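> Any chance you can model this:
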Amino acid sequence: MTNSKNTSILSIDYPHSHFIANGYKAYAPQSEINADIAVKESSVLFDPNLDIVEQQRYRNAIEKRNNDSW
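This is a model prediction of the structure:
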């Protein structure tokens, strides 16, 4: 038998985007994207929390980083 007072709250962390009060989504600043790429490199693209817009921003940043390193 389960005690109904013992409930747990599932907290899901979305590190790259944040929902704000009016329902619109605020995206990660470029500095956060650059830091993620510096640590995780291209594996950051496999993050299931990234939406299409942010995936493209990460791809662009990775491509720019690769082009600048030549």
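> contacting residues around Leu45?
Residues in contact with Leu45 (C-beta atoms under 8 Å, 6 or more residues apart in numbering) are 55, 58-59, 62. Any C-beta I mention is one placed from the backbone N, CA and C, and that applies to glycine too.
> now do 6 Å
The neighbourhood of Leu45, defined by C-beta atoms under 6 Å, 6 or more residues apart in numbering, consists of Tyr58.
> Kindly state the pLDDT recorded for it?
Note on Leu45: pLDDT of 92.
> got the phi/psi numbers for it?
Phi and psi for Leu45, reported as degrees, to the nearest 10, are phi -70, psi -20.
> Also the one 5 residues further on?
Backbone torsions for Leu50, taken as degrees, to the nearest 10, come to phi -80, psi 130.
> Tell me, how many residues neighbour it?
20 (other C-beta atoms under 10 Å).
> Distance-wise, check it relative to Lys25.
From Leu50 across to Lys25, the span is 12 Å (C-beta to C-beta, to the nearest Å).
> Any stretches of the chain with poor pLDDT?
The model of the chain has pLDDT under 70 over residues 1-24, 70.
> Please put the alpha-carbon coordinates of stretch 31-44 into PDB.
Below are the C-alpha coordinates for stretch 31-44, written out as PDB (Å, rounded to 0.1, in the frame of the first residue of the first chain):
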ATOM      1  CA  SER A  31      28.900  32.400 -24.200                       C
ATOM      2  CA  GLU A  32      27.000  29.300 -22.700                       C
ATOM      3  CA  ILE A  33      27.100  27.700 -26.200                       C
ATOM      4  CA  ASN A  34      30.800  28.300 -26.500                       C
ATOM      5  CA  ALA A  35      31.500  26.900 -23.000                       C
ATOM      6  CA  ASP A  36      29.400  23.800 -23.800                       C
ATOM      7  CA  ILE A  37      31.300  23.200 -27.000                       C
ATOM      8  CA  ALA A  38      34.700  23.700 -25.200                       C
ATOM      9  CA  VAL A  39      33.800  21.000 -22.700                       C
ATOM     10  CA  LYS A  40      31.700  18.600 -24.700                       C
ATOM     11  CA  GLU A  41      32.800  19.300 -28.300                       C
ATOM     12  CA  SER A  42      30.300  18.000 -30.900                       C
ATOM     13  CA  SER A  43      28.700  15.500 -28.400                       C
ATOM     14  CA  VAL A  44      26.600  18.400 -27.200                       C
END
